[in-house]
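Peer 1: sequence first, predicted model second:
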Amino acid sequence: MKHYLDLIPISAKVHRKQSRMTRICIILAVFLVTVIFGMADMEMRAQRLQSQKSDGGWHAGFKEITAEQAAIIASRPEIKASAWYDVLNYRLDEGYQLQGNDAVICGFDEELLDMFPGMELEEGEFPKDTHSAVFTKSVKEQLGLKKGDTILLTVPQGESVELTVCGFTGDTSMLTEKDAFGVFLNTEAFRTQLSADSSETYEGIFYVTFTPYCSIQKTLSDIQAQLQLSDNQITQNTKLLALMLQSKDPYMMQLYLTAGVLAVLVAIAGTLMIAGSLNSNVVQRTEFFGMMRCLGATQKQVIRFVRREALSWCKTAIPLGIAAGTAVIWLLCALLEFLSPSIFGEMPDFGISWLGLISGVLIGLITVLLATGSPAKKASRVSPVAAVSGNAGTIQEARKAASTAFFQVDTALGIHHAKGSRKNFFLMIGSFAFSIILFLSFRSAVDFMNHAITPLKPYAPDLSVISPDNTCAISPDLAESYGAIPSVKKVYGRSFAYNIPVKINGQTKSVNLISYEKYQFQWADDMLLEGSIDDAKNGSTVLTVFHTENPLHLGSTITIDSQPEGQPVNVKVSGILSNGPFSIEPGVETVICSQKLFQQLTGESNYTIIDVQFNSKVTDKDVAQMRADAGDSVIFSDQRMKNRETMGAYYSFALFIYGFLAVIALISVFYIINSIAMSVSARLRQYGAMRAIGMSDRQLIRMISAEAATYAFFGIFFGCLIGLPLNKLLFERLVTYRWGDSWYVPVGSLLVIILVIAGSAILAVHGPAKRIRGMSVVDTISAE
């Protein structure tokens, strides 16, 4: 050994258990930071990918501008790409059709394809002349067209425009849901063939994307000032810009602030975890540092030794923490890709989050350097005389004896030990409290998710067959034939009768009468506010949907003239539902009954709509056959793509938000167990002395339990004291600011994290208790 710092690996071998516990704490802290920041980074990537597929990858659009103004915008160095876009019949109410089917007509430049990944050409090429067009693949499947064929596009004036098929692209969720076709022309063809606008100012939108690292908001302000554009002439892809941290939308600024608060909390939590473990490790070995002073080491050399030793732990702890965090991120990304491959299939299987890696390394190194400062100075001040006399351990100077007024001696000593060192007590309860603070803070993101992203309802259909005029015109035989298809999971039909005159408690009103079948009654049971659905299911009563002005209450009587006899029939309301999949018309109440009662009251046995839910085995061939079975006289709404987009967005957010909460809870468990074990190890000599004067193992375990309970109690107290107001603040910024909902105490989440903390403290006593039972008095006194 040529240098006193060469003692570090020797000390690590001698104090293997203590150094292992400290490394575990560093690993857990780095793991927490890496996973939280890495998952946030991956979530941003996933949301950007989902946003680009659903809304497009454009950044901003300019409306009602001239070709000259568009050229000025495109020539700016900040503009990466630009393209014109215009659309006709977007709401399917202008009369554009292909062979009797509604069609949405789009005209745009070829560069727009790069901005909209969902518009990728599956076959053929982009239109080069004014008579060519790209069609959605539903045109190919339903009308049997192929590349090179011609088709007539019917326009509102009754004329027709002949178009040649030059390619096919994928459908959109809007088109499949509305059972409409998409027709795509180049900008020149759109303006000459279909647009009636002959002015210099175009009605379309001039979309642009900006170069990386460009200040988008500043550039937009410059363009607006240069071309004297109004605010209404500029539109922004708000969601995508927000995910790029380029939005100045007031609500987005609230989200940025919230994200910043959560990031700071995660960093503080990691810092406290490492600081607490290093403080405990260094303090329990002050006698060793005193011996170094006896051998001639200066205070400066002891400080350097402590810091270099801590950094040596980082050589293995930080890479292990980063590796474990990255593995968890890969697992979550793989799960996301499995749950929604159509949206997140392009995510890399083994993507690296540089934000997570850098954050983990920085938090680990900086915290270790900062956390060793105070313990190192304390170690350097140990008197050589005290070290030689054996009094340089962790025994704190007793200012007053442990109080036994309310507790037995062993319990009182445990509480006294916990509060003996103010710094250690602060670090321990701080770490416990921050587990609760972090959990409650991230809990507010769950409320935001439930408001911002509507999850797929259990009654949401994958496919619907709808009567065009909302009459009862669809035969139940069609539902039976659908039910026999192997890929069909559920089939359920509804009949509608609109604006039926009735008498409610003697007053004339109008109601929309809707029939339910068994599946729909099952879902209605989950929305029941009061009453019962059993009688309604049997056909003797009805249900209604709650709203503040609804005159129907539980037990109300409705008198309806039955058809075709015209005899009045009295039915009672036996249940009130919180909501339903129907829009409420002013002055018209929603009444739900069984199919049997509907037929009795209206004389109609057919359905207005048939909904279908598929299992995972469904194919496009099955859907095509169902379309053929339904015929041309109905509206065929394929909602599979829309449902996949909804599920993908929800899965993405839910997976990462609940992942955050799970990681915080698990880290809390491991850290608490490890911290209590380190605290016990630091006091083993004291416990040995107590056993030598007659204290039993059982009393020692009660003392350790009291110490752990003290940390847990104060940690829970201060965690709730700070966590609940912080949860309220974040809730108001995330939810109340946008949707107006009032804050509520998250009782369920609060109980979960409190039980986790309390349960971890109980588990933490098991290991030290087992160790103490297995050691003799002499071994305990001489333990390192």
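Peer 2: Thanks, I have it.

Peer 1: just the CA atoms of stretch 422-441, as PDB, please.
Peer 2: Below are the C-alpha coordinates for stretch 422-441, written out as PDB (Å, rounded to 0.1, in the frame of the first residue of the first chain):
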ATOM      1  CA  ARG A 422     -31.500  15.200  14.900                       C
ATOM      2  CA  LYS A 423     -29.900  15.000  11.500                       C
ATOM      3  CA  ASN A 424     -30.400  11.300  11.100                       C
ATOM      4  CA  PHE A 425     -34.000  11.600  12.400                       C
ATOM      5  CA  PHE A 426     -34.700  14.400   9.800                       C
ATOM      6  CA  LEU A 427     -33.200  12.400   6.900                       C
ATOM      7  CA  MET A 428     -35.100   9.200   7.900                       C
ATOM      8  CA  ILE A 429     -38.500  10.800   8.300                       C
ATOM      9  CA  GLY A 430     -37.800  13.000   5.300                       C
ATOM     10  CA  SER A 431     -37.300   9.900   3.100                       C
ATOM     11  CA  PHE A 432     -40.400   8.300   4.500                       C
ATOM     12  CA  ALA A 433     -42.400  11.500   4.000                       C
ATOM     13  CA  PHE A 434     -41.200  12.000   0.500                       C
ATOM     14  CA  SER A 435     -42.500   8.600  -0.500                       C
ATOM     15  CA  ILE A 436     -46.000   9.800   0.400                       C
ATOM     16  CA  ILE A 437     -45.400  13.300  -1.100                       C
ATOM     17  CA  LEU A 438     -44.300  11.800  -4.400                       C
ATOM     18  CA  PHE A 439     -47.200   9.300  -4.500                       C
ATOM     19  CA  LEU A 440     -49.800  11.900  -3.800                       C
ATOM     20  CA  SER A 441     -48.300  14.300  -6.300                       C
END
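
Peer 1: buried ones in that stretch, by neighbour count?
Peer 2: Residues 424-425, 427-441 are the ones in stretch 422-441 that count as buried (16 or more other C-beta atoms under 10 Å). C-beta coordinates here come from the backbone N, C-alpha and C atoms, glycine included.

Peer 1: so how far is that stretch off the chain centroid?
Peer 2: Here stretch 422-441 is found 25 Å from its chain centre; the criterion is C-alpha atoms, centre = their mean, to the nearest Å.

Peer 1: nearest residue to the middle of this structure?
Peer 2: Geometric centre of the chain, nearest residue: Phe653, 2.1 Å, by C-alpha atoms, centre = their mean.

Peer 1: just checking, what packs against the strand or helix carrying it?
Peer 2: In this assignment (DSSP states H and E), Phe653 forms part of helix 640-682. Contacts defined by 3 or more C-beta pairs under 8 Å, 6 or more residues apart in numbering; DSSP states H and E place helix 640-682 against helix 16-55, helix 173-178, helix 250-283, helix 299-339, helix 341-344, helix 422-452, helix 697-731, helix 747-773.

Peer 1: grab the nearest non-local neighbour of the residue nearest to the centre of the chain.
Peer 2: What sits nearest to Phe653 in space, not counting adjacent residues and going by C-beta to C-beta, 6 or more residues apart in numbering, is Met449, at 4.8 Å.

Peer 1: ok, the one you found touching Ala654?
Peer 2: Yes. With contacts counted by C-beta atoms under 8 Å, Met449 reaches Ala654, the gap being 6.4 Å.

Peer 1: so those two - more neighbours on which side?
Peer 2: Applying other C-beta atoms under 10 Å to Met449 and Ala654 shows that Met449 carries more neighbours, namely 19 against 16.

Peer 1: what's opposite Val591 in the beta bridge?
Peer 2: Judged by DSSP bridges, the bridge partners of Val591 are Leu513, Thr544.
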